[in-house]
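S.K.: Structural data only, the sequence is not supplied:
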């Protein structure tokens, strides 16, 4: 953060608890490390203790409110899908979380839900710096959402597949885009799981308990520069740090 003078740090933390979900103590650790917002995805409910942590009023700015889940989950689902805040400089921002529908469990249309969230942000904080974490399996769905939101958000960044894609770019109306940021975890693995276990699953089709791998840790991230007044992105860079 210091090297790149990062003002706003958003972390996808849905696999932080040994690959499955996130706990309050891990969320606190990520916030202590400088995260302003933690996004999630389809593993958000794997650790039941996160329910109470996220059960806070909508107007709160506490840590539990700043862990968000996909906004296009069913009405009545715990938590919130968007967070609007301000940096110490006074710069306002919003972070949205959505989940794709292609090859994923059932949820509402992420395209129309994005429209709905943007309308609410315009009425509430009027933030121009807006980041979307689209947690999805299909690259086509994420690319289409990037074009759909081009010029209306600062960045559309994909998560879920654990593999960083080399397609980071600035779209024509000023939105930074990347299909998948990649994972932070052991890269001598199959998306973070001990590779032998996954190979056996493919060879035999038999179920088995997956264990997180440990070799060759990497941290994947995407660095975005933008104009705070307009929200328009001016630079996007993918990063992989590790041993």
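M.R.: Alright, I've got the coordinates. The structure presented is a predicted model; accordingly, all values stated were derived computationally and were not measured.

S.K.: Give the buried residues for the top helix by length along the chain.
M.R.: When the chain is parsed with DSSP state H, its longest helix is helix 110-124. Judged by neighbour count (16 or more other Cβ atoms under 10 Å), helix 110-124 contains these buried residues: 110, 113-114, 117-118, 121. To be clear about C-beta, it is placed using only N, CA and C from the backbone, and glycine gets the same treatment.

S.K.: Turn those into JSON lines, including distance to residue 146 and pLDDT.
M.R.: JSON lines is the format used below for those (distance: Cβ to Cβ, whole Å; pLDDT from 0 to 100):
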{"residue": "110", "distance to residue 146": "12", "pLDDT": "98"}
{"residue": "113", "distance to residue 146": "15", "pLDDT": "98"}
{"residue": "114", "distance to residue 146": "11", "pLDDT": "98"}
{"residue": "117", "distance to residue 146": "16", "pLDDT": "98"}
{"residue": "118", "distance to residue 146": "14", "pLDDT": "98"}
{"residue": "121", "distance to residue 146": "18", "pLDDT": "98"}
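
S.K.: a helix runs through residue 132, doesn't it?
M.R.: No. Assignment of residue 132 by DSSP: H, G, I helix; E, B strand; the rest coil gives strand, placing it outside any helix.

S.K.: bridging residues for the closest residue to residue 175 other than its chain neighbours?
M.R.: Of all residues not flanking residue 175 in the chain, residue 150 sits nearest, at 4.5 Å (Cβ to Cβ, 6 or more residues apart in numbering). Judged by DSSP bridges, the bridge partners of residue 150 are residue 153.

S.K.: show me the contacts for residue 150.
M.R.: By Cβ atoms under 8 Å, 6 or more residues apart in numbering, residue 150 lies in contact with 171-175, 177.
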